[in-house]
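In: give the three-dimensional model of this entry:
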Amino acid sequence: MKAILQRVLSASVTVDQELVSSIGKGILVLAAVAPGDTEKEADALAAKVLKLKLWDDDAGGRWKKNVQDINGEVLCVSQFTLLASTKKGSKPDFHGAMGGEEAKSLYQYFYRRVQEGYAPDKVKDGVFQAMMQVALVNDGPVTLEVSTGPPKEKDQKKPKTTEPLN
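Out: Below you'll find the predicted structure:
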């Protein structure tokens, strides 16, 4: 999975001119599900959202508090376009995103894991596959990219081979 985390003073989602969700101070999470992602990646991303230290402490220490420490809120929004490839031509290629019901199921699992890890009333959601208007007031600005996908082949260590002893 891949996500953009934005520290916000406020954020909201509107669909068909109706406000769906809104939060005050906290984190806006734009999350995408890639082919091959599993509950393991969703669990890792949910934990990262809740544990990343994006706020200063009361003594002025930088990057000391997470969203739970500040009693903040989380707004999760599905956004498959994060996984677009723009390497060829001028039209984005979305084959890097998981499709349909499988993506919806895993995204909803991720959303539930964020709620379970914090407090359901502090975690809000957009509308999967809807055309959404997402408004935010970025705080800082602080914007981070987080990926929890399986390691790429080039990143994996090659297994050691040993000759049998005779």
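In: what's across from residue 74 in the sheet?
Out: The partner list for residue 74 in beta bridges (DSSP bridges) reads residue 27, residue 123.
In: how far off centre is the longest helix anywhere in the chain?
Out: In the chain, with assignment by DSSP state H, the single longest helix is helix 100-117. Centre-to-centre, helix 100-117 and its host chain are 11 Å apart (Cα atoms, centre = their mean, to the nearest Å).
In: what mean pLDDT does that helix get?
Out: Mean pLDDT, computed over helix 100-117, is 95.
In: how about that helix: buried residues?
Out: 103, 106, 107, 110, 111, 113, 114, 115, 117 (16 or more other Cβ atoms under 10 Å). Placement of C-beta: from N, CA and C, glycine included.
In: ok, the residue nearest to residue 122 when sequence neighbours are not counted - how many residues close by?
Out: Leaving aside its chain neighbours, residue 122 sits nearest to residue 73 (5.0 Å; criterion: Cβ to Cβ, 6 or more residues apart in numbering). When neighbours are counted by other Cβ atoms under 10 Å, residue 73 registers 23.
In: can you show me the helices along this protein?
Out: Using DSSP H, helices in the chain cover 39-51, 100-117.
In: packing partners for the shortest one?
Out: Counting contacts by 3 or more Cβ pairs under 8 Å, 6 or more residues apart in numbering; DSSP states H and E, helix 39-51 is packed against strand 2-15, strand 26-32, helix 100-117, strand 132-147.
In: centre of the chain versus the first one, how much separation?
Out: In this view, strand 2-15 has its centroid 10 Å away from the chain centroid, taken as Cα atoms, centre = their mean.
In: could you dump the longest helix of the chain to PDB, C-alpha only?
Out: Extracted in PDB, the C-alpha atoms of helix 100-117 (Å, rounded to 0.1, in the frame of the first residue of the first chain):
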ATOM      1  CA  GLY A 100     -12.600  -3.200  -7.900                       C
ATOM      2  CA  GLU A 101     -14.000  -5.200  -5.100                       C
ATOM      3  CA  GLU A 102     -10.600  -6.600  -4.000                       C
ATOM      4  CA  ALA A 103      -9.200  -3.100  -3.500                       C
ATOM      5  CA  LYS A 104     -12.400  -2.000  -1.700                       C
ATOM      6  CA  SER A 105     -12.200  -4.900   0.700                       C
ATOM      7  CA  LEU A 106      -8.600  -4.300   1.600                       C
ATOM      8  CA  TYR A 107      -9.000  -0.500   1.800                       C
ATOM      9  CA  GLN A 108     -12.000  -1.000   4.200                       C
ATOM     10  CA  TYR A 109      -9.900  -3.400   6.200                       C
ATOM     11  CA  PHE A 110      -7.200  -0.700   6.500                       C
ATOM     12  CA  TYR A 111      -9.800   1.800   7.600                       C
ATOM     13  CA  ARG A 112     -11.200  -0.500  10.300                       C
ATOM     14  CA  ARG A 113      -7.600  -1.200  11.600                       C
ATOM     15  CA  VAL A 114      -7.000   2.500  12.000                       C
ATOM     16  CA  GLN A 115     -10.300   2.800  13.900                       C
ATOM     17  CA  GLU A 116      -9.500  -0.200  16.100                       C
ATOM     18  CA  GLY A 117      -6.000   1.100  16.800                       C
END
